[in-house]
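Q: Fold the following and give me the result.
(chains A and B)
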Amino acid sequence: MTDSTIPLARLRRDIERLAVPIAAAAPGVFTLGETTIDARLGGGLALSGMHEATHDSEGDFSAACAFALMLAVRAAGDGKQILIVSTDPRDRQEGQLYGPGLVELGLDPDRIVSVHAPDELAALRAAADIVSVFGVGAVLIDAGEAKKLDLTASRRLLLASERSGVTAIVLRSGQSRFASAASTRWSVAAAPSIPLAANAPGETCLRLALLRHRGGVAPFETLLEWNRDRQSFNQPGFAAPPLLRDFPADAERGQMAA
Amino acid sequence: MLSADRWRRDDQGRSPDQPIAFIEKQRGAMRIVAVDETALTLGLAPGMMLADARARVPDLLTIAHDAAADAALLDWLAEDCDRFTPMVATDVPDGLLLDITGCAHLWGDEQNLVSAVAARLVHLGLTIRLALAETPDKARALARHGGELIRVGRKLPPEAFNEDRSGYSPALPVAALDLPEEQATALRRAGLYSIDDLARRPRRPLAARFGMAMIAKLARVLGEEDVRIVPRRLPPHLFFVRRFAEPVAHTEMVLGSIRDLASEAAIALGERGQGGRGFTVSLFRSDGDTRRLTIETGRPTRDPALLDRLFRERIDSLSDELDPGFGYDAIRFDVAFVEELGSSQPGLDGGERGNGDVDALTDRLGVRLGHARVRRFASGNSHVPECASFTVPTNTPALPMPWPSPEPGEPPLRPIRLFDPPQRVEVIAEVPDGPPRRFRWRRQMHDVIAHEGPERIASEWWKRRDMTGLTRDYYRVEDARGRRFWLFRHGLYGGEKPNPDWYVHGTFG
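A: Prediction:
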């Protein structure tokens, strides 16, 4: 990339953002940016709420993390800071968030403060503090197995969020089947993207399933693509091929041994 | 007498009148390193052989010398003396230098301050010599070579600290100059026994005979040259002290005092148009223990409510709780670093307030979890992926390095999570220098159905001594389930490495 293309690219992005009419969100909610899904959710997701992004398979963690970050971008609006709380074991296992990658997702890393707690309890304490501060845009809690994030703890987060209007987004494993007071719970999986020229992987595509909604919206499943330049979701160009069956790990091992 | 005092403090109830000597093996012989007062009056002195000493004083109690314990006690005392002045230095092995410039008025006058120091140290069970002079070296010489021993049970002579500012103690021996043995002997042979004798002589011949170092030392001991002490810790910018007539043990009262001191500090800082970024509270326990609590803030502040909250947080997060013992008898509030901070006015729409809240929040989290755990991202301005981004604690100044901006319409080219170090994978490729076909990562097989690459990233060979380093070929790949990975081959096939390894460096959303 030469020097002159960088401002040009920035201008293009700005124009594109201005050109797209942003659907006015109802007060107290944030939209996903995709009209049919927003309509289905009754206008959008609650700003003062707690939203859970879960992943059923370990390999989908990255997709769930991306979805949580996208929700945080949508919820925080322009300029407000996003705080990300994680624990040391999670960082070791899943790698650290990567600045240039966040830029590629449309999230300015300068807006992020990452808080690394030594364990889950400290992480939840920090999260509870963050959620009750007015100036925060959104808080993302990478809770992993979330053994300590039970009904009481999640209700505490939700109440704090309702008082302050700070959106809490919890990233947790789908295996943890604890009761939770979350406003919405999503199951996130990676979905094949629409390939670009020369069979290059395309825009980030996610398979989302709404598992529960406190407002009574019926569960549904959808495929959405993330548009970095507009910082919003949109429909992928065509229906992705059906999800391939997840082989159990041991069956696969047997195959390899054979 | 430090060793003897330490021994008596640690192990009370032994017969106090038995002479004690602390011994150490030096050059193959047991020698006395330190003695107590009784032994001193019996004519024993450091440097003697143990056998000689035993011949003179048969009932001598000998104890192995413990230099580390003595140093620890000296440090502990220096901490405690912080209550008198922030400028404290240790004079190894058994001395303390206190610079009381500007502190005397807190005790009324210098005499009172010196009496307070003496009373404090004697109360702690020490035998001391004390001197007050206008320069540190003069005070040191007076104390070590002219001072009177002060200890428990001995009344302080009222004139003990009456300092004669005009002159110097004529009786000071030349030993006060800390000269090498042969020089001291040479002086004695020349008939020069006291500092007074030296002071009257012209300096030039002395310098010619004994060197400039001795002349400089003489000038310092005479108080002609003033070399300030190097304090153990950096003196704070501002400090505020509160002393209690009765020791306080209640945590709430301690916190209340901290809040009051913070308010005092806020007023002083406000007058100067400054804000502090580092604050230390020293809690002086009546039995001599000192506890320090330090907080740092991301931006300068002088808001007493915020400081109060941060100190509460600090005390809550202590792994070992505050132990007041018999109570604290003094609390000092230091403002360690200051920065300019204009008087602030909240915006009419409260717009300013928002960010301030977040800053206060990150400070609070930093105090609780440690500042290294609250971080923000910084661009590394490097083409090597793992150096392109790093995180720094939020309380460090921001680096104005811009992030590269992505091309519109392109899919993400960099992963959102990066593994450091990269994780090794087994890869099957159609051709050795081609894109991967399938790979096994975390015991799962992934079939590559779409890929882009290679994006060739050279190592920073110019930073290496041997000007080499393996080139990496990066591929953005997507497997059949839609998971996207960032793989690289470490080394060019054939050219740099016969059989390059593959690694997964990150995952995309």
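Q: Helix, strand, or coil at the spatially most central residue of chain A?
A: Per Cα atoms, centre = their mean, the C-alpha nearest to the average position across chain A is that of residue A:68, at 1.5 Å. Classification of residue A:68 using DSSP: H, G, I helix; E, B strand; the rest coil returns helix.
Q: What's opposite residue B:457 in the beta bridge?
A: In this entry, residue B:457 is beta-bridged to residue B:472, by DSSP bridges.
Q: just checking, it touches residue B:385?
A: Yes - between residue B:457 and residue B:385 there is a contact at 7.0 Å, judged by Cβ atoms under 8 Å. To be clear about C-beta, it is placed using only N, CA and C from the backbone, and glycine gets the same treatment.
Q: of those two, who's got more company?
A: Comparing residue B:457 with residue B:385 by neighbour count (other Cβ atoms under 10 Å in any protein chain shown), the higher total belongs to residue B:385, at 24 against 14.
Q: ok, and the closest non-adjacent residue to the more buried one?
A: Excluding its sequence neighbours, the residue lying closest to residue B:385 (Cβ to Cβ, 6 or more residues apart in numbering or on different chains) is residue B:505, at 6.4 Å.
Q: check which helix or strand covers that neighbour.
A: strand B:501-507 (DSSP states H and E).
Q: From the contact counts, what lies against that strand?
A: strand B:417-429, strand B:436-441, strand B:484-490 (3 or more Cβ pairs under 8 Å, 6 or more residues apart in numbering or on different chains; DSSP states H and E).
Q: Would you mind listing the buried residues in it?
A: B:502-507 (16 or more other Cβ atoms under 10 Å in any protein chain shown).
Q: Specify which member of these is nearest to residue A:149.
A: residue B:507 (23.5 Å; Cβ to Cβ).
Q: Quick check: the gap between the residue lying closest to the closest one once chain neighbours are set aside and residue B:331.
A: Leaving aside its chain neighbours, residue B:507 sits nearest to residue A:62 (3.8 Å; criterion: Cβ to Cβ, 6+ apart). Residue A:62 sits 51 Å away from residue B:331, going by Cβ to Cβ, to the nearest Å.
Q: again, but for residue B:255
A: Counting by Cβ to Cβ, the gap from residue B:255 to residue B:331 is 10 Å.
Q: More neighbours: the two, which one.
A: Taking other Cβ under 10 Å, residue B:255 and residue B:331 do not tie; residue B:331 has more neighbours (22 against 15).
Q: got the contact list for the strand or helix carrying residue B:257?
A: Residue B:257 is located in helix B:251-272, with elements delineated by DSSP H and E. If you take Cβ atoms under 8 Å, 6 or more residues apart in numbering or on different chains as the criterion, helix B:251-272 is touched by B:238, B:240, B:242, B:248, B:275-276, B:279, B:281, B:283, B:302-304, B:307-308, B:311-312, B:315, B:322, B:324, B:328, B:331-333, B:335, B:338, B:341, B:343.
Q: one more time with 7 Å
A: Residues outside helix B:251-272 that contact it (Cβ atoms under 7 Å, 6 or more residues apart in numbering or on different chains): B:238, B:240, B:242, B:248, B:275-276, B:281, B:283, B:302-304, B:307-308, B:311-312, B:322, B:328, B:331, B:333, B:335, B:338.
Q: try stretch B:305-322
A: Stretch B:305-322 is contacted by residues B:251, B:255, B:258-259, B:262, B:279, B:281, B:291, B:293, B:295, B:360, B:363-364, B:367-368 when judged by Cβ under 7 Å, 6+ apart.
Q: and the closest residue to chain A within the stretch 251-400 of chain B, what are its bridge partners?
A: Nearest residue of the stretch 251-400 of chain B to chain A: residue B:389, at 3.0 Å (Cβ to the nearest Cβ). Going by DSSP bridges, residue B:389 is paired in beta bridges with residue B:379.
Q: Compute the number of surrounding residues for it.
A: Neighbourhood size, residue B:389 [other Cβ under 10 Å]: 24.
Q: And the one 5 residues further on, by the same measure?
A: By the measure other Cβ under 10 Å, the count of residues near residue B:394 is 23.
Q: show me where the chain has helices.
A: All of this is about chain A. For chain A, helices defined by DSSP state H occupy the ranges A:5-19, A:35-40, A:61-76, A:88-94, A:99-104, A:120-131, A:151-164, A:249-257.
Q: actually chain B
A: Along chain B, counting by DSSP H, helices occupy B:2-10, B:37-41, B:50-56, B:67-81, B:110-123, B:136-145, B:181-189, B:195-200, B:203-210, B:212-221, B:251-272, B:304-316, B:351-369.
Q: Give me the outermost residue of chain B relative to its centroid.
A: residue B:430 (59.2 Å).
Q: show me what contacts it?
A: Residues counted as contacts of residue B:430 (Cβ under 7 Å, 6+ apart) are residue B:437.
Q: measure it to residue B:97 for me?
A: 77 Å.
Q: before we move on, what about residue B:276?
A: 27 Å.
Q: Which one's more surrounded, those two?
A: A count of neighbours by other Cβ under 10 Å puts residue B:276 above the other of residue B:276 and residue B:97, at 26 against 21.
Q: picking up where we left off before, and the contacts of helix B:251-272, which are buried?
A: If we count by 16+ other Cβ under 10 Å, those have these buried: B:238, B:240, B:242, B:248, B:275-276, B:281, B:283, B:302-304, B:307-308, B:311-312, B:328, B:331, B:333, B:335, B:338.
Q: how many other residues sit next to the residue of the stretch 101-250 of chain B found nearest chain A?
A: For the stretch 101-250 of chain B and chain A, the shortest gap (Cβ to the nearest Cβ) falls at residue B:250, measuring 25.8 Å. Residue B:250: 11 surrounding residues under other Cβ under 10 Å.
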